[in-house]
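Student: Below are the sequence and a predicted model for it; my questions follow.
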Amino acid sequence: MSNSPIILWFRRDLRMSDHEALTAACATGRPVIPVFIHDDQVADLGGAPKMRLGLAVAHLQKVLGEQGSKLVLRKGTALATLRALVKETGAGAVYWSRLYDPASKARDVDVKAALKADGLDVQSFAGHLLFEPWTVQTKTGGFYKVYTPMWNAVRGREVAPALPTPGRIPAPEGWPASDDLTDWHMGAAMQRGAEHLMRHCRVGENAATARLDAFIARNVHSYVKNRDLPAVSGTSRLSENLTYGEISPRVCWHAGMRALHEGKTDAEVFLKELVWREFAYHLAHFTPRIVSDNWKEDWDAFPWNTDETPEVTAWKRGRTGIRFVDAAMREMYVTGTMHNRGRMIVASYLTKHLLSHWKIGMDWFADCLIDWDPCSNAMGWQWSAGSGPDATPYFRVFNPVTQLDKFDKDRAYVKRWIAEGTRTPSDPALSYFQMIPRHWGMTPDDRYPDPVVAADVGRKRALAAYEARDF
């Protein structure tokens, strides 16, 4: 088995540098067969994230080809597909990078056990996080349930340097057959919106690195102020690339640390955001219910609406009559991302003003976001709803009108994304109507709607609902 190939199973680690599994496989000198599997988890992705994943896979195929290697594509269940590849290639080992969401963990545990029973060398590696969840513990040995103590525990930890791209990926004598990526139709669910959405994607490791470099050079020094202004390009926008592992969190961490040591004090808040992502994954590892159920179980009895009411439909379509909410929802539909301040506002409006379940919003985001992440998305929604760890207090209800006055005083963000009632709508605002399904029956010439639930009315209703139950 010493010269048998190693199957390198790519998942959400679609890069070449700082890739522990790839580096370890190449270091053996044995042939390496990179593989991507279209399994049930890929099949179940929403429209935007599936399309974006297809772009990432296509890019990795190209990069590997330039390195004298290939990316073998197969469709099927993970275990059956890997077993078939082992039989076809004579591989003696399977390597992959660890994932931590409940579905991935359950799959990987079963696959590892079965392949080891087959006599294979099966190894999983770090790379998706800065710190493996089991290495970050409280003084009593448990996991952190509040963010700030976790940040204080890891802020001074040493983070290993990023690994370089392997100089050579040893190739097998013969390659197994591969599916054609176009046959997977990864963007099919986007229909006419796919072409527009692709314009906003920044795909691949080089694009991610350029994004990080530009942020550190131009924006990190003013990050604290500008990250809350939705009309300003003040954030890194790296969530898209971190989602697919086109850049590692270690690379981002070290860039932020260098900026901090150079006197750019706002870089610490950027580092905190990286640890906020870690916090979501640590919680999903230790309390997997966070991705599907109320983390605080006493919220199970709260009478949230779970139906597709006219108000919920208006929320999804950016027609609530609340300009901050509608602008943010349209930004997401067109670009596949949403400014973080907007995410808080739209989530608060859905769960508090409309008293609708956070799962409705989480599922809609899972269909529309190119930076959709199973753990960060779930924790963000539960934070906003009040049902999650370290959540915003249940009695705090963001006022989307005063928030707009505070963070978009000149209405630049609103003007960018809302066309109705505007004499000369912006191109982004018009592009929304080019992307949405025709059966929605919306046009830029429509009258902008009155609020489905006014800010003050929704707040009073939410507080009354909260006071009616014992927290």
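Tutor: Thanks, I have it.
Student: measure stretch 15-22 end to end?
Tutor: Using Cα to Cα, to the nearest Å, one end of stretch 15-22 lies 9 Å from the other.
Student: Distance from the chain centre to that stretch, please.
Tutor: 20 Å (Cα atoms, centre = their mean, to the nearest Å).
Student: swap in stretch 32-43?
Tutor: Its chain's C-alpha centre and that of stretch 32-43 lie 19 Å apart, by Cα atoms, centre = their mean.
Student: Tell me the buried residues in it?
Tutor: Buried positions in stretch 32-43, judged by neighbour count with 16 or more other Cβ atoms under 10 Å: Val32, Ile33, Pro34, Val35, Phe36, Ile37, His38, Asp39, Gln41, Val42. Every residue, glycine included, has its C-beta placed from N, CA and C.
Student: Pairing-wise in the sheet, spell out the partners of the second one.
Tutor: When bridges are assigned using DSSP bridges, the partners listed for Ile33 are Ile7.
Student: Let me know whether it touches Leu85 as I believe.
Tutor: Yes. Ile33 lies in contact with Leu85 (Cβ atoms under 8 Å); the separation is 7.2 Å.
Student: residue ranges for the helices of the stretch 101-250 of the chain, please.
Tutor: 102-117, 147-154, 194-198, 205-214, 223-226, 239-243, 249-261 (DSSP state H, counting those that start in this stretch).
Student: so which of those helices comes closest to Phe286?
Tutor: helix 102-117 (10.9 Å; Cβ to Cβ).
Student: thinking again about what came up before, now render the helices of the stretch 101-250 of the chain as CSV, adding mean pLDDT.
Tutor: Shown next, in CSV, are the helices of the stretch 101-250 of the chain (pLDDT from 0 to 100):
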stretch, mean pLDDT
helix 102-117, 98
helix 147-154, 96
helix 194-198, 94
helix 205-214, 98
helix 223-226, 96
helix 239-243, 98
helix 249-261, 98
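Student: And those: which comes nearest Ala162?
Tutor: Ala162 lies closest, by Cβ to Cβ, to one member of the helices of the stretch 101-250 of the chain: helix 249-261, at 4.9 Å.
Student: helices and strands around the closest one, which ones?
Tutor: Counting contacts by 3 or more Cβ pairs under 8 Å, 6 or more residues apart in numbering; DSSP states H and E, helix 249-261 packs against helix 205-214, helix 267-286.
Student: Determine which stretch of the ones you listed is the most buried.
Tutor: Sort the helices and strands packed on helix 249-261 by mean neighbour count, taking mean count of other Cβ atoms under 10 Å, and helix 267-286 sits at the top with a mean of 21.
Student: Which strands or helices does that helix pack on?
Tutor: So helix 267-286, by 3+ Cβ pairs under 8 Å, 6+ apart, packs with helix 147-154, helix 223-226, helix 249-261, helix 374-385.
Student: Give me the angle between it and helix 374-385.
Tutor: Using axes from the mean of the first three to the mean of the last three Cα atoms, to 10 degrees, the inter-axis angle of helix 267-286 relative to helix 374-385 is 100 degrees.
Student: Off-centre distance for helix 267-286?
Tutor: Mean C-alpha position of helix 267-286 versus that of the full chain (Cα atoms, centre = their mean) differs by 13 Å.
Student: Following element in sequence after it, please.
Tutor: Following helix 267-286 in sequence order, the next helix or strand is helix 310-316 (DSSP states H and E).
Student: then that following helix to PDB, C-alphas only?
Tutor: Output of helix 310-316 as PDB, limited to C-alpha atoms (Å, rounded to 0.1, in the frame of the first residue of the first chain):
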ATOM      1  CA  PRO A 310     -49.000  37.900   2.900                       C
ATOM      2  CA  GLU A 311     -46.600  39.700   5.300                       C
ATOM      3  CA  VAL A 312     -44.000  37.000   5.000                       C
ATOM      4  CA  THR A 313     -44.300  37.000   1.200                       C
ATOM      5  CA  ALA A 314     -43.900  40.800   1.200                       C
ATOM      6  CA  TRP A 315     -40.800  40.400   3.400                       C
ATOM      7  CA  LYS A 316     -39.200  37.800   1.000                       C
END
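Student: elements contacting it?
Tutor: Packing partners of helix 310-316 (3+ Cβ pairs under 8 Å, 6+ apart): helix 323-335.
Student: And the contacts of the helix it packs on?
Tutor: By Cβ atoms under 8 Å, 6 or more residues apart in numbering, the surrounding residues in contact with helix 323-335 are 193, 196-197, 200, 230, 315-320, 337-339, 342-343, 345-346, 349, 365, 368-370, 400-401, 403-404, 408, 411, 413-414, 416-418, 428-429, 431-432, 435-436.
Student: please redo it, this time with the cut-off set to 6 Å
Tutor: For helix 323-335, the external contacting residues (Cβ atoms under 6 Å, 6 or more residues apart in numbering) are 200, 318, 320, 338, 342, 345-346, 349, 368, 400, 403-404, 413-414, 417-418, 431-432.
Student: got it, and stretch 379-398?
Tutor: In this structure, residues lying in contact with stretch 379-398 by Cβ under 6 Å, 6+ apart are 145-147, 280, 283, 294-296, 299, 345, 347-348, 351-352, 358, 361-362, 459, 462, 466.
Student: Of those, grab the buried ones for ChimeraX.
Tutor: With 16+ other Cβ under 10 Å as the criterion, this ChimeraX line picks the buried residues out of these:
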select :145,147,280,283,294,295,296,299,345,347,348,351,352,358,361,362,459,462,466
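Student: re the thing from before, reformat the helices of the stretch 101-250 of the chain as TSV; add distance to Gly76.
Tutor: Converted to TSV, the helices of the stretch 101-250 of the chain look like this (distance: least, Cβ to Cβ, whole Å):
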stretch	distance to Gly76
helix 102-117	13
helix 147-154	38
helix 194-198	25
helix 205-214	27
helix 223-226	44
helix 239-243	24
helix 249-261	30
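Student: can you tell which of these is closest to Gly65?
Tutor: Going by Cβ to Cβ, the one of the helices of the stretch 101-250 of the chain nearest Gly65 is helix 205-214, 14.5 Å.
Student: Neighbours of Asp101, how many?
Tutor: Other residues near Asp101 number 22, with proximity taken as other Cβ atoms under 10 Å.
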